[in-house]
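Engineer: test case, fold it:
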Amino acid sequence: MAKPNKKGPTRTVDIFCAKCKVQLYKYRKGGKGALIKCFKERITEDFTKVACTCPACGQTFARECLIRGAPALKMIGGKVTFK
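Structural biologist: Below you'll find the model as predicted:
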């Protein structure tokens with residue numbers, strides 16, 4: 001399978017913790033659908049101190065994995081929102 005496009009989309013979204021509404025990432029998202037995964041190379045700003053854990057409430061919101069050979073974060077349903 002092909003790797004995701006390095007440059008990726010130009011539209012950025014802000015990803016927030018669903019529980020405490022703290023900003024977690026700025027991410028270059030493609031498409032109109034739900035946020036299921038985040039490729040690490042598309043994250044433009046990271047506000048977390050520990051990977052996949054909210055800095056304010058300590059909730060785990062994602063799991064690290066490889067998707068099509070690229071490192072990514074697989075989001076747990078209902079733990080994050082984005083605008």
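
Engineer: which intervals of the chain have sub-threshold pLDDT?
Structural biologist: 2, 4-7 (pLDDT under 70).

Engineer: strands along that one, start to end?
Structural biologist: 12-17, 23-28, 37-39, 43-46, 62-67, 70-75, 80-82 (DSSP state E).

Engineer: including mean neighbour count, could those strands go into JSON lines?
Structural biologist: For glycine as for every other residue, the C-beta is placed from the backbone atoms N, C-alpha and C. Listed next are those as JSON lines, based on neighbours: other Cβ atoms under 10 Å:
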{"stretch": "strand 12-17", "mean neighbour count": "18"}
{"stretch": "strand 23-28", "mean neighbour count": "20"}
{"stretch": "strand 37-39", "mean neighbour count": "20"}
{"stretch": "strand 43-46", "mean neighbour count": "12"}
{"stretch": "strand 62-67", "mean neighbour count": "14"}
{"stretch": "strand 70-75", "mean neighbour count": "18"}
{"stretch": "strand 80-82", "mean neighbour count": "17"}
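
Engineer: turn those strands into CSV, columns for distance to K3.
Structural biologist: Compiled in CSV, the strands of the chain are given as follows (distance: least, Cβ to Cβ, whole Å):
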stretch, distance to K3
strand 12-17, 21
strand 23-28, 15
strand 37-39, 9
strand 43-46, 16
strand 62-67, 10
strand 70-75, 5
strand 80-82, 23
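
Engineer: ends of stretch 28-48, how far apart?
Structural biologist: 17 Å (Cα to Cα, to the nearest Å).
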